[in-house]
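# compute the structure for the input listed below.
(one chain, ligands or ions: 1)
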Amino acid sequence: MKKRSILVVWLVCTVFFTSVLAFPVQQEKPLTTAESSEYKATSLYADVMGFIQKLQMHSLRMRVETLGVSAEGRKIPLLVLGNPVPTSPQDLVYDDRMVVYIQANIHAGEVEGKEAALMLARDLALADNPSYLDELVVLIAPIFNPDGNEKISPDNRRNQDGPEQGVGVRTNGLGLDLNRDGMKLESPEVLGLVQNVISRWDPAVLLDSHTHNGSYHEEVVTWVWALNPNGDTSLIRYMSDRVRPEINKILKEKYDTLCIPHGDFMDFREPEKGWRPLDPQPRYLSNYFGLRNRLGILNENYPYADFKSRVMGAYHLFHALLEFCQGQKGEITGLIHEADRNTVQRGMAPTDEDLFGVEYDVRPIKDKITIHGYVMEQYETESGRRRVRKTEKTQMYTMPFFAEFFAKRSVKLPFGYLIPIPVPEVEAKLRQHGIAIEKLTQPVKLMVESFKVTELKGQERPYQGHRLNSIKGEYVEEEVEFPAGTLFIPMAQPLGKVAAYLLEPESDDGFLVWNFFDRNLVPQWGGGQQAYPVYKLYQPAPLVKEVVGEN
Ligand SMILES: [Zn+2]
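Now for the predicted structure:
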């Protein structure tokens, strides 16, 4: 070959490999809309998809899956980042990398997570030495609620400090709040999350990024762990006692970012009384994820910090989380597997100690927390009402953090639940969650516990398209004949706690609350109610049955 042709070949190869394997040095890395607008704007759906395509053009470490299709028909991108990037979860069966999932823009007025998630994807896809990817596969859904995102207007969330060109709306295209859909799965977005991310990839950790509305303080970043007391106690304790201080330490030492647990002052007049997070129900996705024996994190950034500070806060939190997960991968994997094993073993032979909490109370976690707050002053409105407002004077408050929810009334967990009548919607929902269900193929008489409803009230004001039920009744032990075709939901499965939460009659976030059994509970004529059609079998019994939904 002539010298000149060798040079041409060399040049072609160099250009090809640099463009494929790393972003060319001389070319600028793609910028997010937040960065290119100097934090005056946030990305539209097309901006997000364009940014993702640019990363794909220059990275071998990223694949894009579709998490689901939004109610208005937009494909929701799920970025899969790995080194090498797995082509499917099956590639990870003999691979000890741990999967971590970061989700943003579920409430599309709360947009810094979206911009930070895109920046993180860029770091992982294009960096010369990508951090974390030796130990982790990182899944990122930067725009979980694209329909809400496209309704950008400066009139949305006006209490928030930017971006000045506006943000989207809270709900999805169906008018649903996606962070209340963890149990009923009525939105294509959350159903897609459960089926195509959680069940398919089985991430060990989920982070759901939001912007808060509430108390005044200086810290930009706040987060809290899965709080439901029916979740695995060792995982809840691990999050509170180990993950919390470790992540906060990385944030402070490496990123100079102060962080406090997510919450609000219980009493603005007396801040030192305590700090309290959101409710523990699993309709909130981080709590739902905890009930599945995984580590759920709710990130809520401070709305009165400027947009750039919020983007950088979320970005630093994502990095701190990945650094922690990389270092503690073995510990986290061991804990979640043990939680799964314990759930299955308890389900096989439940004892009187295996309980399900139906009413909760809350007490402080063992450490007090310190918040960089403001002096609050009381004033009277023109109509003579007493109110409290923030002054510009800062003040540190040290106070208990009321985040340890505990059951104040419990019922026993069974060996399994039996549903003798056809309830196709319930059967479909159980399967959508990934819960194993079986069907009796022979009739059988069993001693079971039933729940006799004495009072059923639907809420007057609709909530998420439902009139939530509250119920009173009593438990009765009786012998019941179950026909062939009866559904049997065994507790001896890793998702046993999710099944119990959906099926227990007094559960505060189950099928009964969400009206799934309404037509079975109220008779057409006369007063009173019919029996709750889910029965609890406490004693393990051999049953002639087959698995539903397996081919
Ligand atoms: Zn939110």
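# residues of the stretch 151-300 of the chain that sit close to the ion?
residue 210 (Cβ under 5 Å from the ion). For every residue, glycine as well, the C-beta is placed using N, CA and C.
# how about the residue of the stretch 151-300 of the chain found nearest the ion, what does it touch?
Among all residues of the stretch 151-300 of the chain, residue 210 sits closest to the ion, at 3.3 Å; criterion: Cβ to the ion. If a contact means Cβ atoms under 8 Å, 6 or more residues apart in numbering, then residue 210 has 106, 107, 110, 113, 179, 298, 299, 300, 301 as its contacts.
# next one: the helix or strand hosting it to chain centre, how far?
Element membership for residue 210, per DSSP states H and E: strand 205-211. Remark: strand 205-211 is offset 7 Å from the chain centroid, using Cα atoms, centre = their mean, to the nearest Å.
# adjacent strands (with direction) for it?
strand 98-104 (parallel), strand 295-301 (parallel) (DSSP bridges).
# circling back to that earlier point, columns neighbour count on top of the contacts of residue 210, output as CSV?
As requested, those are exported to CSV (neighbours: other Cβ atoms under 10 Å):
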residue, neighbour count
106, 26
107, 26
110, 28
113, 34
179, 22
298, 25
299, 29
300, 24
301, 26
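# can you list the residues of this protein near the ion?
107, 110, 210.
# follow-up on the earlier one: please save the CA atoms from the strand holding residue 210 in CSV.
Presented in CSV, the C-alpha positions along strand 205-211 are these (Å, rounded to 0.1, in the frame of the first residue of the first chain):
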residue,chain,number,x,y,z
VAL,A,205,-32.8,0.3,44.2
LEU,A,206,-35.4,2.8,42.9
LEU,A,207,-35.1,6.6,43.2
ASP,A,208,-38.1,8.7,42.3
SER,A,209,-37.2,12.4,41.9
HIS,A,210,-39.6,15.3,42.8
THR,A,211,-39.8,18.9,43.9
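# and residue 322, how many neighbours does it have?
24 (other Cβ atoms under 10 Å).
# and for the one 5 residues further on?
Using other Cβ under 10 Å as the criterion, residue 327 is surrounded by 14 other residues.
# and it, what pLDDT?
At residue 327, the pLDDT value in this model is 97.
# and for residue 347, the neighbour number?
23.
# that one is in contact with residue 417, isn't it?
No. The pair residue 347 / residue 417 is not scored as a contact, 11.0 Å apart, by Cβ atoms under 8 Å.
# what do the two both touch?
residue 491.
# returning to what we had before: distance to residue 546 added to the strands paired with strand 205-211, as TSV?
Shown next, in TSV, are the strands paired with strand 205-211 (distance: least, Cβ to Cβ, whole Å):
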stretch	distance to residue 546
strand 98-104	32
strand 295-301	33
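# in CSV, list the ones you listed along with distance to residue 454 and mean pLDDT.
Output for the strands paired with strand 205-211, formatted as CSV (distance: least, Cβ to Cβ, whole Å; pLDDT from 0 to 100):
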stretch, distance to residue 454, mean pLDDT
strand 98-104, 41, 98
strand 295-301, 35, 98
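# of all these, which one comes closest to residue 529?
strand 295-301 (35.0 Å; Cβ to Cβ).
# and the contacts of the closest one?
110, 112-113, 204-212, 220-226, 235, 238-239, 243, 262, 277-278, 284-290, 310, 313-314, 317, 321, 332, 336.
# repeat that for 6 Å
If you take Cβ atoms under 6 Å, 6 or more residues apart in numbering as the criterion, strand 295-301 is touched by 112, 205-212, 220-224, 226, 262, 286, 289-290, 310, 313-314, 317.
# do stretch 472-487 as well
418-420, 437, 439-445, 447-455.
# filter the residues you listed down to the buried ones and hand me the PyMOL line.
In PyMOL syntax, the buried subset of the contacts of stretch 472-487 is picked out as below (16 or more other Cβ atoms under 10 Å):
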select buried, resi 418+419+420+437+439+440+444+448+449+450+451+452+453
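# now the helices: where do they sit in the stretch 51-200 of the chain?
112-126, 146-149, 188-192, 200-201 (DSSP state H, counting those that start in this stretch).
# poorly predicted segments of the stretch 251-400 of the chain, please.
Regions of the stretch 251-400 of the chain meeting the criterion pLDDT under 70 are absent.
# tell me where the stretch 451-551 of the chain is predicted with low confidence.
Judged by pLDDT under 70, the stretches of the stretch 451-551 of the chain that qualify are 550-551.
# please enumerate the strands of it.
Assigned by DSSP state E, counting those that start in this stretch, the strands in the stretch 451-551 of the chain fall at 469-482, 487-490, 535-537, 545-547.
# direction included, what does the last one pair up with?
Counting by DSSP bridges, the strands paired with strand 545-547 are strand 438-440 (antiparallel).
# what's the strand it pairs with in contact with?
Against strand 438-440 from outside (Cβ under 6 Å, 6+ apart): 482, 484, 485, 486, 487, 488, 545, 546, 547, 548.
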